[in-house]
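Visitor: I need the structure of the sequence given here:
(2 chains, ligands or ions: 2)
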Amino acid sequence: MSTQTKSSTIDSIVKMEKLNKWYGTFHVLKDIDFDVAKGEKIVVCGPSGSGKSTLIRCINRLEEYQEGSLTVDGVALNEDIKNIEAVRREVGMVFQHFNLFPHLTILENLTLAPLWVRKIPKKEAEATAMEYLERVKIPEQALKFPGQLSGGQQQRVAIARSLCMNPKIMLFDEPTSALDPEMISEVLDVMVELAEEGMTMICVTHEMGFAKKVADRVIFMDAGQIVEQNNPQEFFDNPQNERTQLFLSQIIDH
Amino acid sequence: MDNTFTPIEARKPPSGAIGPIAWMKASLFSSPVNTILTVFFAYIIIRFVPPIIDWAFISANWVGTTQEECTKSGACWIFIKQWFSQLLYGSYPESLHWRVNLALIGLVAVVVLQFFLPQHLRRRVGWVSLLVYPLISLWLMYGGFGLETVSTDKWGGFSLNILLAFAGILMSLPIGIVWALGRQSEMPFVRVVCISSIELFRGVPLITILFMGSVMLPLFFPAGVQLDKLMRAFIAITLFQSAYMAEVIRGGLQAIPKGQVEAANSLGLGYWKTMRLIVLPQALKISIPNIVNTFIALFKDTTLVLIIGLFEVLSTIQAALQNSNWLGGHHIEGYVFVAFVFWVFCYTMSRISVHIEKKLDTGHSRS
Ligand SMILES: Nc1ncnc2c1ncn2[C@@H]1O[C@H](COP(=O)(O)OP(=O)(O)OP(=O)(O)O)[C@@H](O)[C@H]1O
Ligand SMILES: [Mg+2]
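Guide: Ligands and ions are numbered 1, 2, ... in the order given. Next comes the predicted model:
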């Protein structure tokens, strides 16, 4: 089903081959072959428990896998802690529940990793942080604590925090599903802007409007497998697999 | 009725003040059970408090220097007065008491520094003072480098309790942190070693550890090397205390959501940086009440070193009670005094802990 050509795999920035993962005896990812080209925007969808989070969490090694191979930005992800940290420096992640550090101010949240991981001077790190806060449109919140912000603002801070590390890939795990409806668009707007700037993005989301707007490819997962993948137009208008058809009918029905 | 919105002027909340009679009715005699309890406690207070006040203050003996001058029926505080220096300093040479005083003042200063310095100074000055103070106070207490040496068997009294407790606290916090982290390690060997050692020290009474420390520790040292008795007590106390501290901190660590570690990891922070910058600051903060509890317990437990022959405040009292000039039975005065001093210190510590909690509570969490 994959339409990957030889040429596009050469400059692929994420490359999974026959990846398998188990939680104990539970086979959660099955023979996953998955390539992401530089600058590509991918939306991953599928029913709850299908392994979407697990899949993208493998890419920055928040989860380990047992079989197959995974290369991110030319670095093979294996047990080697050096490789893992090298990959994590280049891969940003945004979580469903924001996971901001509640004991640090917004500005400190943003400068922490640049200071301690990239060893950038404080002045410079703060200047960069303020730039990104402007971009997500909340520079005036810099000195507040996360608990003082709304959900949508917190998620935008979380995105800015990842961007401060100047990552090559951004992973999003249902970034809007913990938000009240009126805050979803402010977060999606930031993500659309990011996509327009050419960031490589892998997004787990059920925001189909977002998928249609920015995705180069939509991936449908079920029961630990990639069932179908296609460009958004084809994927939504002309789904091939009956599992996909059922899923789409369900999420569009309500 | 027109449709313009007229705001209602804000009013003061209804006053909570009520008359004394109404207050008594509401809080003391609101039900039969409540009334019975009120009467019961009133009886207890009337029956016991005046005699205690009479004994401790009104009929107490304050002036004089010998037992014979205690002629009134109340407490003989002359006993405490005459032994006060011993109770505070043990057999530390009188002309050198200033060194103990200086060490104690330094201790207060260090504690105060931790809480009242402005934020940006507190990080640096606070930590440095915590590291430097023990060395300075050890030098003051023991001597050397230009000061007259005072061997540890002369140390004693309440100052010994305080210094032992503070040294134990200072050591057990870092050891407890490492121990607690080890307990959660992903390396099975580290984990097993940490769990079993914590459980070992936690499962044995402190007295037993003190005995074992004074009897068994010397066996591990080559013949001829004499490990100081106070040092042995200190090691025993520190191990015991660290095991408790490890459990307290583990409780705090477990309360930190996994997402915090994941977010830190995803930003490229390694294990130690994640712990130091993200997990421990949050975990220690929520552990403060329990940490202070174990501190208070440790402080009181320092009296147990009397069992291996160190002259802390309780054993000083016992020695004083056996002095031939003071055989008139001043046990009550002695123990009441010790109890009172300990109470003052422990209560102060718990107040300080409340203060720290308030100070650290950024108070901004909405969720
Ligand atoms: N730590 C774990 N231990 C055991 N099983 C797990 C663990 N994490 C996830 N699972 C299981 O693995 C499966 C896939 O989980 P995953 O979180 O990847 O699903 P998902 O597609 O992201 O679902 P959702 O839409 O609900 O977030 C689920 O059945 C889940 O119960
Ligand atoms: Mg998920």
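Visitor: show me what contacts B:Ser129?
Guide: Applying CB atoms under 8 Å, 6 or more residues apart in numbering or on different chains, we find B:Ser129 in contact with B:Ala109, B:Val110, B:Leu113, B:Gln114. Backbone N, C-alpha and C define where each C-beta goes, glycine included.
Visitor: same thing but at 7 Å, please
Guide: B:Ser129 makes contact with B:Val110, B:Leu113 under the criterion CB atoms under 7 Å, 6 or more residues apart in numbering or on different chains.
Visitor: what kind of secondary structure is it in?
Guide: helix (DSSP: H, G, I helix; E, B strand; the rest coil).
Visitor: any idea how far it is from chain A?
Guide: B:Ser129 sits 23 Å away from chain A, going by CB to the nearest CB, to the nearest Å.
Visitor: ok, now B:Arg191?
Guide: 18 Å.
Visitor: swap in B:Met171?
Guide: Taking CB to the nearest CB, one finds B:Met171 at 26 Å from chain A.
Visitor: Find the centremost residue of the chain, please.
Guide: In the absence of a named chain, chain A is used. When chain A is reduced to its mean C-alpha position, the closest residue under CA atoms, centre = their mean turns out to be A:Leu171, at 1.6 Å.
Visitor: That was the other one, I meant chain B.
Guide: B:Ile296 (3.2 Å).
Visitor: just checking, that one touches B:Tyr347?
Guide: No: using CB atoms under 7 Å, B:Ile296 is not in contact with B:Tyr347; the gap is 9.2 Å.
Visitor: rewinding a little: check which helices and strands whatever helix or strand the residue nearest to the centre of chain A lives in sits against.
Guide: A:Leu171 is part of strand A:169-173, with elements assigned from DSSP states H and E. Strand A:169-173 sits against helix A:52-59, strand A:91-94, strand A:200-204, with contacts defined as 3 or more CB pairs under 7 Å, 6 or more residues apart in numbering or on different chains; DSSP states H and E.
Visitor: at 6 Å what do you get?
Guide: strand A:91-94, strand A:200-204 (3 or more CB pairs under 6 Å, 6 or more residues apart in numbering or on different chains; DSSP states H and E).
Visitor: The residue nearest to the centre of chain B and B:Leu253, how far apart?
Guide: 22 Å (CB to CB, to the nearest Å).
Visitor: Can you give me the distance of whichever residue of the stretch 51-200 of chain B sits closest to chain A to ligand 1?
Guide: In the stretch 51-200 of chain B, no residue comes nearer to chain A than B:Glu186, which is 11.2 Å away by CB to the nearest CB. Taking CB to the nearest ligand atom, to the nearest Å as the measure, B:Glu186 falls 14 Å from ligand 1.
Visitor: which parts of the stretch 51-200 of chain A sit against chain B?
Guide: By the rule CB under 6 Å from any CB of the partner chain, the part of the stretch 51-200 of chain A lying against chain B is A:60, A:62, A:85, A:88-89, A:93, A:97, A:99, A:101, A:103, A:113, A:116-117, A:145, A:147-148.
Visitor: Closest one of the residues you listed to ligand 1?
Guide: A:Leu62 (10.5 Å; CB to the nearest ligand atom).
Visitor: pLDDT score assigned to that closest one?
Guide: Looking at A:Leu62, its pLDDT stands at 93.
Visitor: What of A:Asn241?
Guide: Confidence score, pLDDT, at A:Asn241: 87.
Visitor: What sits closest to it if chain neighbours are left out?
Guide: A:Glu228 (4.7 Å; CB to CB, 6 or more residues apart in numbering or on different chains).
Visitor: where does that neighbour fall, helix, sheet strand or coil?
Guide: strand.
Visitor: if I pick it, what's in contact with it?
Guide: A:Phe220, A:Gln240, A:Asn241, A:Thr244 (CB atoms under 6 Å, 6 or more residues apart in numbering or on different chains).
Visitor: What subset of the residues you listed is buried?
Guide: By neighbour count, with 16 or more other CB atoms under 10 Å in any protein chain shown, these hold A:Phe220, A:Thr244 as buried.
Visitor: Pull out the buried residues from the biggest helix by length in chain A.
Guide: Secondary structure of chain A per DSSP state H: the longest helix is helix A:181-196. Applying a neighbour-count criterion of 16+ other CB under 10 Å, one finds A:Met183, A:Ile184, A:Ser185, A:Glu186, A:Val187, A:Leu188, A:Val190, A:Met191, A:Leu194, A:Ala195 buried in helix A:181-196.
Visitor: where's the third one relative to chain B, distance?
Guide: To chain B, A:Ser185 is 22 Å away according to CB to the nearest CB.
Visitor: likewise the fourth one?
Guide: As defined by CB to the nearest CB, A:Glu186 lies at a distance of 18 Å from chain B.
Visitor: Please list all residues in contact with the closest residue to that residue other than its chain neighbours.
Guide: Once flanking residues are discounted, A:Glu186 sits nearest to A:Gly152: 4.8 Å by CB to CB, 6+ apart. By CB under 6 Å, 6+ apart, A:Gly152 lies in contact with A:Leu179, A:Met183, A:Glu186, A:Val187.
Visitor: Which of these sits closest to ligand 1?
Guide: Nearest member of those to ligand 1, counting by CB to the nearest ligand atom, is A:Leu179, at 15.1 Å.
Visitor: so where does the closest one fall, helix or strand?
Guide: Here A:Leu179 is assigned to no helix or strand, by DSSP H and E.
Visitor: Quick check: which ranges of the stretch 51-200 of chain A have low pLDDT?
Guide: When residues are selected by pLDDT under 70, none of them lie in the stretch 51-200 of chain A.
Visitor: Now the residue of the stretch 151-254 of chain A found nearest chain B: closest residue in space, sequence neighbours ignored.
Guide: Closest residue of the stretch 151-254 of chain A to chain B, CB to the nearest CB: A:Met165 (6.1 Å). Using CB to CB, 6+ apart and skipping residues adjacent in sequence, the residue nearest A:Met165 is A:Ala113, 5.3 Å away.
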